[in-house]
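Enquirer: fold the following.
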Amino acid sequence: MRTSRLTILVSGMIADDPYQGGATWAVLQYVLGFQRLGHDVYLVEPVNQAAFNSPETSKYFFEVTRAFGLEQKAALWSAGTQQTVGIPYEFLRQMSAKTDLLINISGMLTDTALTDSIATRVYLDLEPAFNQLWQAVQGIDMHFAGHTHFVTIGMAIGQAGCAVPTCGLEWLTTFQPVVLETLACRRAHCSRWPHHRGQLAGYGSIEHGGVFYGQKAHSLRAFIHLPRLTPEKFMPALAIHSGETKDLKALADSGWRALNPAKWRTRRNATGNSSRDQRRSSASPKAAMSHPNVAGSVTATYAILLQAGP
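Expert: Model prediction:
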């Protein structure tokens, strides 16, 4: 296996939908994980001009990259232009010519001036089934073209009996990575922390072959009764719109204590008690991402990519 230091460009969404902790972590775990393995890693996030012009978008991007020491390694890029927040576009273009590996999450980076010179261009699928169905069934261009390898966290995709179309592509399967030292929660202090953080809704649901591929809200409804079966407290931190009155009432009636991830954040001291000076809003980037929804090993992803070769 090749073990030399690589230059890696990761493209994914962090700030286009600010303060969504799970989405931010899903990208950061690859950036931080490859760094931890000793590689030179850069991050570029393409956004449209409206998002680029939004002060909240650039503010959050700057906060996140600064929190993890990525200021000189990351760019928020207005797609189709040469405008960036962070490292300049021209630097990105020159750097890409020397890059060994592109990790392109959901094919977000489509600028051929930044991608074509990279020998190994990996399409990373973090929305298994949806990306494939949106392309094959709804005819939405999910930007598969131009990549040399296709990697998914959907472990059954491409396997016998899996109804999800492969779109004619050979998919390598891998677990999502976690850099363990980034986790704020420790086993001894987890009993009163939120169990999950994320959006209750999501992107477009789709039906295929008689199977409905829905969102978190649809899945959670099947388990709405769980708090009634145990004395344990269920405290999900969910970005759920106030207009979703039916779901909010169902959660409350079943004993769930739904927390607003944009307002709630606490850290506990060694005795397990809350301290006023340890309490802070999840508007800070690390607070907003305190509970990543990922698991696995970055080494596994790295090994798969290297074994595949250019």
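Enquirer: going forward, measure contacts and count neighbours with C-alpha atoms only.
Expert: Fine.
Enquirer: care to break this structure down by domain?
Expert: Domain assignment of the chain by automatic domain parsing yields the ranges 7-180+294-308, 184-288.
Enquirer: name the next helix or strand following the helix or strand hosting residue 34 along the chain.
Expert: Assigned by DSSP states H and E, residue 34 falls within helix 21-36. Tracing the chain C-terminally past helix 21-36 and defining elements by DSSP H and E, one meets strand 40-47 next.
Enquirer: partner strands of that next one and their direction?
Expert: Strand partners for strand 40-47, identified by DSSP bridges, are recorded as strand 7-11 (parallel), strand 74-78 (parallel).
Enquirer: what's around residue 39, how many residues?
Expert: The number of residues packed near residue 39 is 17, by other CA atoms under 10 Å.
Enquirer: ok but residue 103 is inside a strand, no?
Expert: Yes - assessed by DSSP: H, G, I helix; E, B strand; the rest coil, residue 103 belongs to a strand.
Enquirer: returning to what we had before: format the strands paired with strand 40-47 as a markdown table; extra columns: distance to residue 135 and mean neighbour count.
Expert: A markdown table is the format used below for the strands paired with strand 40-47 (distance: least, CA to CA, whole Å; neighbours: other CA atoms under 10 Å):
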| stretch | distance to residue 135 | mean neighbour count |
| --- | --- | --- |
| strand 7-11 | 20 | 24 |
| strand 74-78 | 24 | 25 |
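Enquirer: which among those is found nearest to residue 63?
Expert: Residue 63 sits nearest to strand 74-78 of all these, at 11.7 Å, using CA to CA.
Enquirer: and whatever helix or strand comes next after the closest one, what does it pack onto?
Expert: Counting by DSSP H and E, the element after strand 74-78 in chain order, helix or strand, is strand 84-86. Applying 3 or more CA pairs under 8 Å, 6 or more residues apart in numbering; DSSP states H and E, we find strand 84-86 packed against strand 74-78.
Enquirer: and the strand it packs on, what's its mean pLDDT?
Expert: Here strand 74-78 scores 98 as its mean pLDDT.
Enquirer: on that earlier part again, buried set for the helix holding residue 34?
Expert: Using 16 or more other CA atoms under 10 Å as the burial criterion, the residues of helix 21-36 that qualify are 21-35.
Enquirer: swap in stretch 231-238?
Expert: 233-238.
Enquirer: tell me where the stretch 201-310 of the chain has helices.
Expert: 216-221, 245-253, 285-288, 298-308 (DSSP state H, counting those that start in this stretch).
Enquirer: was I right about residue 87 contacting residue 73?
Expert: Yes - checked against CA atoms under 8 Å, the pair residue 87 and residue 73 is within contact range at 6.9 Å.
Enquirer: so which of those two has more stuff around it?
Expert: Between residue 87 and residue 73, counted using other CA under 10 Å, residue 87 has the larger neighbour count: 19 against 16.
Enquirer: how about the more buried one, nearest residue that isn't a chain neighbour?
Expert: Leaving aside its sequence neighbours, residue 87 sits nearest to residue 75 (CA to CA, 6 or more residues apart in numbering; 5.2 Å).
Enquirer: centre-most residue in the protein?
Expert: For the chain, residue 26 is the residue whose C-alpha lies nearest the centre (CA atoms, centre = their mean; 2.6 Å).
Enquirer: identify the residues contacting residue 111.
Expert: With contacts defined as CA atoms under 8 Å, 6 or more residues apart in numbering, residue 111 is in contact with 79-80.
Enquirer: per-residue confidence for it?
Expert: pLDDT, residue 111: 97.
Enquirer: next: residue 65.
Expert: Confidence score, pLDDT, at residue 65: 96.
Enquirer: which SS class is it?
Expert: helix.
Enquirer: and the closest residue to it other than its chain neighbours, which helix or strand is it part of?
Expert: Once flanking residues are discounted, residue 65 sits nearest to residue 71: 5.4 Å by CA to CA, 6+ apart. Under DSSP H and E, no helix or strand contains residue 71.
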